[in-house]
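Novice: From the sequence below, what's the structure:
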Amino acid sequence: MVRVTLTDITARKQADADLRIAATAFESREGMFVTDEHTVILRVNRAFTDITGYSAEDVIGQTPNLLRSGRHDADFFADKWNSVRRTGAWRGEVWYRRKAGKEYPVSLAVTAVKGVSGNVTQYVGILSDISQRKAAEDKIIRLAFYDPLTHLPNRRLMRDRLQLALVASARSKRKGALMFLDLDNFKTLNDVHGHDQGDLLLQQVAKRLSGCVREVDTVARLGGDEFVVMLIDLSADPRVAAAQVRTAGEHVLGALNHSWMLAGHDHHNTASIGITLFSGYEKTVDELLKQADLAMYQAKAAGGNTLRFFDADVQATVAARADLESELRTGMQAGKLLLHYQPQMDGLSHMTGAEALVRWQHPRRGLVSAKDFIPLAESMGLIQDLGRWVLKTACAQLAEWAVQPDMVHLCLAVNVSPRQFHQPDFVEQVLETLNRHAGIDPKKLKLELTENVMLDDVAGAIDKMTALKAHGVVLSLDDFGTGYSSLTYLKQLPLDQLKIDQSFVRDVLTSPADTAIADTIITLGHSLGLGVVAEGVETKAQRDFLNSHGCDEFQGFLFSRPVAAKELEKFAQLNEA
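Specialist: Residues are numbered from 1 along each chain as shown. Next up, the predicted model:
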């Protein structure tokens, strides 16, 4: 007799399969650890060891507290375990410390395993190293919100923090302030020593600025050599807050006024600071930045290395300037510019020439002097176009005078701005304009240059002047004595004339210093074989004094104010009579 015993092993097969699946899952790429109900570690997988550096022998019998980095406080872990007990699970990011000591971020999931009775029997933790992901996220954040050169907050982050500061100020009723900072003469450093030196300075400026403020304040780089410092939680009293900001601003100026070490060389640089206070939502972010920027330009205009607070009157001035800019552009396009001419006389009161002075026929202001709009044209980038127009108009006038007996002998002086002179094709512009008017003698065209044209490129300036001189154009150095040209450069320049600035002529009879300067310029000019003309001569006594000291020519209200071409022609006729 055969007895057959059959046993259903389906459940065992299923259990074996579940164990194999569990074992396979346990050895996944994610780190895993299993604890008992008291959170004592019972088992870890290979990935856990790879991630943490701890072997199974290191951690079995320990609790996960072994992995803590110290970045999180007790409340963090209390909240985590409260969530596990309440919901059965918790997921989040935690900073752990590897066995070797290095901190790193992990994504952690903790799940409670319950028995048949419903009581927790184990906890299972699954962790993965997210260092690379965090590094990539941090890189994206830094690119989006931080300046790559100085590592300071950029304009975008600055605006965000300022918006939050306005919200906080509205709640607390305490004042805040913006300091808009711009380095003085930074362009000169870049041009002379290179942008790498400029970058070194910006990095050092960032460090010093950060060392001048509290942790709650913000230092940001907006771009170029522009920085913003935001101070928060100042006094609610505007006067006290202003005093607090002034103290902070003067501290910053002092810190930046010390020497800088750039690639082994000492460098001195200062800054200009504009300040505006804010309180709640009285002003928008854009308005505050604009006000601080305007105040900074006031500090620049005051000579730099100083600070200025925003003034509502400044805003009105800037608005008026904006209107004037628009009107000037329109006026140039509509042909509202014209030339007036001021005669130049020799020691015998004979007219030898004239200086062409541009005027603007404004629809409301009337005739506007060059000193009131030439700086505007320079800041707008219109000075090159304006200079070309003056040159063409002056040459056209010379062509008319070339056929008039009373005017043919006159030399006409034309002012040339540094920007116009530094155009690569400036010499070609002059020669082309002369050629367009075949009747002009090039020796009748005098170009008045300032010492500034030599500052950036002496050799290039000499080359251009030599080329012009070779074609007969007369060259005069205007405003002599007010700049910084070296006498070494002066003797190299192919000049024909020096022009004594009117600031020395005005007090030549009463100021020993001005007397000495005028006399020195005349002597220097003659020793170099140059003619000397004095501008701003308003009295006969001034003319006689300068004449007795050997000055060759004179220009000023003593003889005539700048007048239209027809009036100058009448003046010439009377002068010759």
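Novice: going forward, measure contacts and count neighbours with C-alpha atoms only.
Specialist: Will do.
Novice: Roughly how far does the residue nearest to residue 121 when sequence neighbours are not counted sit from residue 114?
Specialist: Closest residue in space to residue 121, ignoring its immediate chain neighbours: residue 37 at 5.0 Å, by CA to CA, 6 or more residues apart in numbering. In this view, residue 37 and residue 114 are 9 Å apart by CA to CA, to the nearest Å.
Novice: Need the residues touching each of the two.
Specialist: 120, 121, 122 (CA atoms under 8 Å, 6 or more residues apart in numbering).
Novice: Using CSV, write down the CA coordinates of stretch 259-276.
Specialist: Output in CSV follows, covering the C-alpha atoms of stretch 259-276 (Å, rounded to 0.1, in the frame of the first residue of the first chain):
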residue,chain,number,x,y,z
SER,A,259,45.6,101.8,0.1
TRP,A,260,44.9,98.6,-1.8
MET,A,261,47.4,96.0,-2.7
LEU,A,262,46.9,95.0,-6.3
ALA,A,263,49.3,92.3,-7.6
GLY,A,264,52.1,93.6,-5.4
HIS,A,265,51.5,97.3,-6.0
ASP,A,266,49.9,99.9,-3.8
HIS,A,267,46.9,101.6,-5.2
HIS,A,268,44.8,104.4,-3.8
ASN,A,269,41.1,104.6,-4.6
THR,A,270,38.1,106.4,-3.0
ALA,A,271,34.3,106.2,-3.4
SER,A,272,31.3,108.4,-3.7
ILE,A,273,28.2,107.4,-1.7
GLY,A,274,24.5,108.5,-2.2
ILE,A,275,22.1,107.8,0.6
THR,A,276,18.3,107.6,0.9
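Novice: gap between the strand or helix carrying residue 475 and the chain center?
Specialist: Using DSSP states H and E, residue 475 sits in strand 474-480. Its chain's average C-alpha position is 33 Å from that of strand 474-480, according to CA atoms, centre = their mean, to the nearest Å.
Novice: Next step: the shared contacts of residue 37 and residue 114 restricted to strands.
Specialist: Mapping these onto strands (DSSP state E) picks out 120, 121, 122.
Novice: Can you lay out those residues as CSV showing distance to residue 468?
Specialist: Output for these, formatted as CSV (distance: CA to CA, whole Å):
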residue, distance to residue 468
120, 98
121, 98
122, 95
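Novice: Which of the residues you listed ranks first by neighbour count?
Specialist: Counting neighbours by other CA atoms under 10 Å, residue 122 leads those with 20 neighbours.
Novice: Without its sequence neighbours, what residue ends up closest to that one?
Specialist: With CA to CA, 6+ apart, the residue lying closest to residue 122 is residue 36, at 4.4 Å.
Novice: Likewise for residue 220?
Specialist: Using CA to CA, 6+ apart and skipping residues adjacent in sequence, the residue nearest residue 220 is residue 153, 4.7 Å away.
Novice: just residue 235 next, same as before
Specialist: Nearest residue to residue 235, sequence neighbours excluded (CA to CA, 6+ apart): residue 241, at 4.9 Å.
Novice: sorry, back to before: thinking the residue nearest to residue 220 is in contact with residue 227, fair?
Specialist: No: when contacts are counted by CA atoms under 8 Å, residue 153 is not listed as touching residue 227 (9.9 Å).
Novice: Name the residues contacting each of these two.
Specialist: Common neighbours of residue 153 and residue 227 are listed as 219, 220, 221 (criterion: CA under 8 Å, 6+ apart).
Novice: Residue 482 contacts residue 501, correct?
Specialist: Yes: if you go by CA under 8 Å, residue 482 and residue 501 touch, sitting 7.3 Å apart.
Novice: who has more neighbours, these two?
Specialist: Ranked by neighbour count (other CA under 10 Å), residue 482 and residue 501 place residue 501 first, with 18 against 13.
Novice: any idea how far the nearest residue to that one once chain neighbours are set aside is from residue 463?
Specialist: Spatial nearest neighbour of residue 501, chain neighbours left out: residue 479 (4.3 Å); criterion: CA to CA, 6+ apart. Distance, residue 479 to residue 463, by CA to CA: 21 Å.
Novice: ok, these two, which is more surrounded?
Specialist: Taking neighbours as other CA under 10 Å, residue 479 and residue 463 compare with residue 479 leading, 20 against 14.
Novice: My guess is the more buried one contacts residue 448. True?
Specialist: No: the criterion here is CA under 8 Å, and residue 479 misses it with residue 448 at 9.2 Å.
Novice: which intervals of the stretch 401-550 of the chain have sub-threshold pLDDT?
Specialist: Scanning the stretch 401-550 of the chain for pLDDT under 70 picks out the ranges 455-456, 481, 483-486, 488.
Novice: What are the boundaries of the strands in it?
Specialist: For the stretch 401-550 of the chain, the strands defined by DSSP state E, counting those that start in this stretch cover 411-415, 445-449, 474-480, 497-500, 531-535.
Novice: Could you check these and tell me which one is nearest residue 214?
Specialist: strand 474-480 (48.1 Å; CA to CA).
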